[in-house]
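Enquirer: attaching a predicted model along with its sequence, questions to come.
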Amino acid sequence: MGKTAWRILQWGFGLLVVGLALRALIRNWDDLRHQTIQLEPQPLYLLASVLVVWLMYAILIWAWRMMLASWGQELSPLPAARIWTVSSLGKYVPGKVWAVAGMAVMAQQAGIAAWAATSSAVVLQALAIGTGAAIVGVTGAVALEAAHPGARLALGVLVVASGVGILLVLWPPAVRRLLRLGRVPVEAAMAPKAEGVIAGIIANAIAWLGYGLALWLLARGLLPAARLSLSLSVTVFTASYLAGFLALLAPGGLGVREGLFILMLQQPLGIAGATALAIASRILLTLTEFGAAAPFLLFFRRSTRVVL
C-alpha cells in the first residue's frame, strides 16, 4: 500500500472513530438533559474528577512503558502517551481489536516491535480484568452486602479466582498461552520479566481505585445530596466498566456499562439519579479520552523512537 493511500486510510479511520464518539456523546448529553432530576453542578468537584481520570491515564501509560521495557523495548514518555491515548479511541468502533491494532501500528512507527506492543496490550488487559475483579470483590463486600445478603461469599470467591488469575500472569508458560490465544506472533514466545507484570498489577489496581474516586467526585459535583460512598463508587465503576469491556460488540461498552451501572445504583440514588450519573459518567470518560488525545492529534506529528 502506498504512503498516500495509507494516510488516507488513517484519516478515514480517525474520522470514523471521532464521528462514532461524537454521536455517542451527543446522544448521552440529550439523555442527561431530559432526566427529571435537579442537577446542582459544583465546578471544583467536576474539575477534580477530570484531573483524577487523567492522572490514572498517566499511571497506566507508565505501566505500559514498564511492560515494554520488560521485553527489551524502550519508549520515552511523550511518544508513549501519544500512542496510548490516540489508540485508545479505537474502543469506540464495534469490536475490541481496534485499540490494540492501532497501538501496534503506531508503536511500530515509533520503533517498537509490533509483537511487543500487541503483547504488552494483551497482558495489561488481562491484568486489568484480574485486578478489577479483585477490587470489585474487596470493595463490594462492604458496599453490596447490606443490599444483597450473601454477596460477601460470592465476592470472596471472585477475589480468590482473580488472585489466581493474576498470579498466573507471573508464570511464563501461562503468559505464552495467553499470547497465543491473543494471536500474537511467535516472536513473543518469551514472557515479560516479573517487574513488568508487577508494575502492571500495581498500576491497574491504583487506576481502578482512582476511577472510583473520580466517580465519587462526579456524583458530588452533580448530585451533592446523593449518598454515595467511596467504596460503592469504586465497586460500581469497576464492575460496570468490566461488563462493558467484556461485551465484545458494544463500542466502548455503550449500553452494557450503563445498564449495570443503573442496576447497582438505583437503590441508593433512585432510578433518575442513577441514570443521570451513569450518563454523566459516560460523558466524562468520552471527554477525558478525547481531551487526552487531542493535543497529540492537533499539535504533535508522528514521534520517532526517543529514549530518555
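Expert: Nice, I can see it.

Enquirer: from here on, contacts and neighbour counts on C-alpha atoms
Expert: OK.

Enquirer: can you name every helix or strand that the strand or helix carrying G244 contacts?
Expert: Assessed by DSSP states H and E, G244 sits inside helix 230-246. In terms of contacts (3 or more Cα pairs under 8 Å, 6 or more residues apart in numbering; DSSP states H and E), helix 230-246 is packed against helix 114-143, helix 194-222, helix 256-298.

Enquirer: which among those helices is found nearest to M56?
Expert: Closest to M56 of these is helix 194-222 (Cα to Cα; 5.2 Å).

Enquirer: could you say what helices and strands the closest one packs with?
Expert: Helix 194-222 packs on helix 43-69, helix 114-143, helix 230-246, helix 256-298, going by 3+ Cα pairs under 8 Å, 6+ apart.

Enquirer: angle of it against helix 230-246?
Expert: Angle between the axes of helix 194-222 and helix 230-246 is 110 degrees (criterion: axes from the mean of the first three to the mean of the last three Cα atoms, to 10 degrees).

Enquirer: I'd say L46 and G221 touch.
Expert: Yes - using Cα atoms under 8 Å, L46 is in contact with G221, at 5.2 Å.

Enquirer: got the CA coordinates for the strand or helix carrying R82 in CSV?
Expert: Using DSSP H and E, R82 sits in helix 77-88. Presented in CSV, the C-alpha positions along helix 77-88 are these (Å, rounded to 0.1, in the frame of the first residue of the first chain):
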residue,chain,number,x,y,z
PRO,A,77,7.1,9.2,27.8
LEU,A,78,5.9,11.6,25.1
PRO,A,79,5.6,9.1,22.2
ALA,A,80,4.2,6.5,24.7
ALA,A,81,1.5,9.0,25.8
ARG,A,82,0.7,9.8,22.1
ILE,A,83,0.3,6.1,21.2
TRP,A,84,-1.6,5.1,24.2
THR,A,85,-4.1,8.0,24.2
VAL,A,86,-4.8,8.0,20.4
SER,A,87,-5.0,4.2,20.0
SER,A,88,-7.4,4.1,23.0
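
Enquirer: list the buried ones in it?
Expert: The neighbour-count check on helix 77-88 (16 or more other Cα atoms under 10 Å) flags 79-88 as buried.

Enquirer: who are the packing partners of that helix?
Expert: helix 43-69, helix 98-109, helix 256-298.

Enquirer: among those helices, which is nearest A128?
Expert: helix 43-69 (10.1 Å).

Enquirer: show me where pLDDT drops low in the stretch 201-308 of the chain?
Expert: The model of the stretch 201-308 of the chain has pLDDT under 70 over residues 246-255, 300-308.

Enquirer: now the helices and strands packed on helix 194-222 as TSV including mean neighbour count and distance to I206?
Expert: Formatted as TSV, the helices and strands packed on helix 194-222 follow (neighbours: other Cα atoms under 10 Å; distance: least, Cα to Cα, whole Å):
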stretch	mean neighbour count	distance to I206
helix 43-69	20	8
helix 114-143	23	9
helix 230-246	23	11
helix 256-298	19	17
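
Enquirer: look up how far E258 lies from the spatially closest residue to L277 that is not a sequence neighbour.
Expert: Of all residues beyond its chain neighbours, the one nearest L277 is A219 (6.7 Å), with distances taken as Cα to Cα, 6 or more residues apart in numbering. Separation of A219 from E258 (Cα to Cα, to the nearest Å): 15 Å.

Enquirer: same question, G132
Expert: Distance from G132 to E258, by Cα to Cα: 17 Å.

Enquirer: now do T235
Expert: 14 Å.
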